[in-house]
Structures are given as structure tokens and as C-alpha cells.
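**Q** can't give you the sequence, but here's the structure:
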Ligand code: NCD
């Protein structure tokens with residue numbers, strides 16, 4: 001059975017440390033890695049829209065000297081003819097050495113992995129998980145703060161459907177002394193199963209609030225998220241909740257001078273463009289980090305040492 005990355009906890013804390021170290025070495029010495037994956041192929045199977053995740057995976061493999069194949073929408077694959085995800089993945093695993101897959105159904109990458117002869121990476125499954133965005137977030141936090149423990153992080157926005165939030169909460173619950181502040185409208189709270197599994201079981205205290213202003217002065221990291229329109233059952237609810245939080249330079253006046261602002265992107269309305277100029281905005285650096293940590297992950301899954 002190949003090694004799959006379906007959930008971020010499929011990697012130990014030590015392995016995540018190793019990936020961050022490799023990503024740092026890639027950033028410092030990119031030329032050393034440029035032929036590491038020569039003659040290897042990555043397939044990207046995206047049954048749901050994506051800009052950063054798919055292109056950063058592809059860019060990562062190309063920067064390692066490998067090549068890429070795949071599709072960016074279900075309509076251009078045999079899924080449109082009624083093929084099962086299992087058969088599609090079984091087929092692609094005959095061509096590629098590693099597969100990154102995104103699907104609107106929770107659990108689809110896990111199910112597909114049972115049919116694959118090569119490693120499957122979950123590139124986002126419905127409103128569930130997104131482990132490689134979390135690796136990106138962890139590399140960014142590590143670069144910004146120099147550590148992955150001992151800070152207060154606020155998650156703000158759609159904590160119910162935001163899969164990047166679920167995976168990052170789960171990942172950070174394994175580090176010492178991380179304080180969680182969950183900021184959302186009542187209807188978009190972090191799902192109970194994430195709280196149970198990641199926080200309550202481990203005895204980790206957390207705070208829930210609807211007010212970003214109230215908690216802003218205490219935060220070391222602010223993780224903003226988009227309200228996930230595509231997961232809503234009706235448009236009215238989305239329209240009512242979509243502008244619940246809009247981060248502006250004025251609101252940031254109350255924040256710590258060394259706050260780090262993260263956002264997995266795409267942004268809709270929740271961070272005003274004027275915030276981009278603030279030195280505390282780390283989300284564009286986060287985009288770059290996504291490529292380097294995926295390079296490190298591909299090397300690990302293909303068992304290639306440089
Ligand atoms: C996120 C996703 O797809 O879950 N985007 C990403 O991969 N960077 C966040 C989002 O879509 O809001």
C-alpha cells in the first residue's frame with residue numbers, strides 16, 4: 001500500500017519538522033533540487049475549482065525537473081461519462097508516480113486511495129480537510145514566528161465549512177501551548193467533531209466569540225477565511241453571512257505590532273486590499289511557501305533524497 005496523505009495527522013510532528021527543513025533548504029538552494037524528480041510524473045485530478053493548490057503542485061513538480069498531467073474540472077474527465085472516482089484514480093495511477101486530488105465530496109480521496117498503486121495526496125475534500133494547505137500554513141507560521149508553539153491564533157470567518165481551518169486546528173493541537181480563539185457567526189462555528197477530536201480530547205482550552213474587535217489585541221496570528229459559498233444550502237444564508245468580517249487597516253490599529261495575518265486565499269471581501277501593504281500581512285508570502293512545501297512533500301512521498 002503506498003503512503004497517502006489524506007489527513008494532516010498522516011504525518012507525524014517530526015515528519016512535518018522534516019518537511020519544513022527541506023522546504024527551507026529548497027528556498028535557500030533551489031538549483032540543488034532542479035533535477036531531483038527527472039522522469040517522474042505528478043497527476044493533478046481536480047474535480048473542483050482551484051488556482052493555487054493545483055498550480056502550486058504543478059509548479060512544484062516542474063521545479064523538481066519532473067512533469068505533470070491531469071485535469072482541472074470533472075467535465076473534462078470520464079467522470080462526465082459516469083466513471084467512478086475509484087476507476088479514474090486506478091487508471092491514472094497506471095501513468096503517474098504520485099497523484100494530487102481535489103473533490104467536492106468529503107472522503108473521496110480516502111476512498112480513491114484504495115484503488116491507487118501510487119501515493120494519493122488530498123488536495124481538498126469538500127468541507128472536510130486540506131492537509132497541504134496546512135503544511136503551507138505551518139511553513140508560513142514557522143518562517144514568521146520562528147516556532148510552531150506558544151502563541152495565540154484566531155481563526156475568523158467560516159469555521160464550519162472552511163476545510164483549511166479544520167486541518168490547521170488539528171495540526172496545531174499537537175504543539176505545546178497553542179491558544180485557540182474561534183471567531184465566527186453562530187451559524188458558522190467550528191464543527192463539533194473537530195472540537196472533540198482536536199481540542200477536547202487533548203484537553204486544549206479554546207474560546208469562541210463573534211467579535212473580532214474584542215479579541216484582536218491578544219492575537220499573535222490571525223487566520224482569515226472566506227465564507228464558503230459553494231457549501232451553502234441556500235443563497236440567502238450566504239448573502240446574509242458573507243460580509244460578517246471585513247479586515248481593514250482601522251481594525252488592525254488595535255492589533256499587536258508583530259501580528260501575522262494569514263489567509264489561504266482566494267479572498268472575496270474579508271480582507272480589504274489596503275491591508276496588503278501592512279507588513280503584518282503574510283498571505284502573499286503564504287502563496288509562495290505553498291510551492292516549496294509541496295516540493296518537499298513530493299520528494300518525501302517519492303522517497304527521493306537530495
Ligand atoms: C482554500 C480551499 O480550497 O479550501 N483554498 C486554497 O486551497 N488555497 C480556501 C478557500 O477556498 O476558501
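**A** Alright, I've got the coordinates. Remember, it's a predicted structure, so these values are computed and weren't measured experimentally.

**Q** can you pull up the most central residue in this structure?
**A** residue 133 (1.7 Å; C-alpha atoms, centre = their mean).

**Q** you'd agree that one is up against residue 125?
**A** No: using C-beta atoms under 8 Å, residue 133 makes no contact with residue 125, being 11.9 Å away. Where C-beta positions appear, they are placed from N, C-alpha and C, glycine not excepted.

**Q** find the residues that touch each one of the two.
**A** residue 163 (C-beta atoms under 8 Å, 6 or more residues apart in numbering).

**Q** so is the residue nearest to residue 66 when sequence neighbours are not counted in a helix, a strand, or just coil?
**A** Excluding its sequence neighbours, the residue lying closest to residue 66 (C-beta to C-beta, 6 or more residues apart in numbering) is residue 37, at 3.4 Å. When classified by DSSP: H, G, I helix; E, B strand; the rest coil, residue 37 comes out as coil.

**Q** can you name the residues that contact the nearest residue to residue 185 once chain neighbours are set aside?
**A** Distances taken as C-beta to C-beta, 6+ apart put residue 244 closest to residue 185, at 5.0 Å, once the chain neighbours are dropped. Applying C-beta under 8 Å, 6+ apart to residue 244 gives the contacts 157, 184-185, 188, 227.

**Q** now those residues in JSON lines, with distance to the ligand, secondary structure and pLDDT?
**A** Below are those laid out as JSON lines (distance: C-beta to the nearest ligand atom, whole Å; DSSP: H, G, I helix; E, B strand; the rest coil; pLDDT from 0 to 100):
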{"residue": "157", "distance to the ligand": "9", "secondary structure": "coil", "pLDDT": "98"}
{"residue": "184", "distance to the ligand": "14", "secondary structure": "coil", "pLDDT": "98"}
{"residue": "185", "distance to the ligand": "16", "secondary structure": "coil", "pLDDT": "97"}
{"residue": "188", "distance to the ligand": "13", "secondary structure": "helix", "pLDDT": "97"}
{"residue": "227", "distance to the ligand": "9", "secondary structure": "coil", "pLDDT": "95"}
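
**Q** which of these lies closest to residue 263?
**A** Of all the contacts of residue 244, residue 263 sits closest to residue 157, with 9.0 Å by C-beta to C-beta.

**Q** residues near the closest residue to the closest one other than its chain neighbours, how many?
**A** The shortest distance from residue 157 to any non-neighbouring residue, by C-beta to C-beta, 6+ apart, is to residue 225 (3.7 Å). Residue neighbour count, defined by other C-beta atoms under 10 Å, stands at 25 for residue 225.

**Q** residue 225 reaches residue 160, doesn't it?
**A** No: Residue 225 lies out of contact with residue 160 (C-beta under 8 Å); the separation is 10.2 Å.

**Q** okay, the residue located most distally from the centre of the chain: pLDDT?
**A** Going by C-alpha atoms, centre = their mean, the residue of the chain most distant from its centre is residue 81, 30.2 Å out. Residue 81 carries a pLDDT score of 90 in this model.

**Q** follow-up on the earlier one: in JSON lines, list the contacts of residue 244 along with distance to residue 76.
**A** As requested, the contacts of residue 244 are arranged in JSON lines below (distance: C-beta to C-beta, whole Å):
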{"residue": "157", "distance to residue 76": "31"}
{"residue": "184", "distance to residue 76": "36"}
{"residue": "185", "distance to residue 76": "37"}
{"residue": "188", "distance to residue 76": "33"}
{"residue": "227", "distance to residue 76": "28"}
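
**Q** which one is residue 237 nearest to, not counting chain neighbours?
**A** That would be residue 187: by C-beta to C-beta, 6+ apart, it lies 7.3 Å from residue 237.

**Q** is that neighbour in a helix, a strand, or coil?
**A** helix.

**Q** what's the neighbour count on residue 251?
**A** Neighbour number of residue 251 under other C-beta under 10 Å is 16.

**Q** list the contacts for it?
**A** Contacts of residue 251 (C-beta under 8 Å, 6+ apart): 212-213, 216.

**Q** and the helix or strand encompassing residue 23, how far from the chain's centre?
**A** Using DSSP states H and E, residue 23 sits in helix 13-28. Centre-to-centre, helix 13-28 and its host chain are 16 Å apart (C-alpha atoms, centre = their mean, to the nearest Å).
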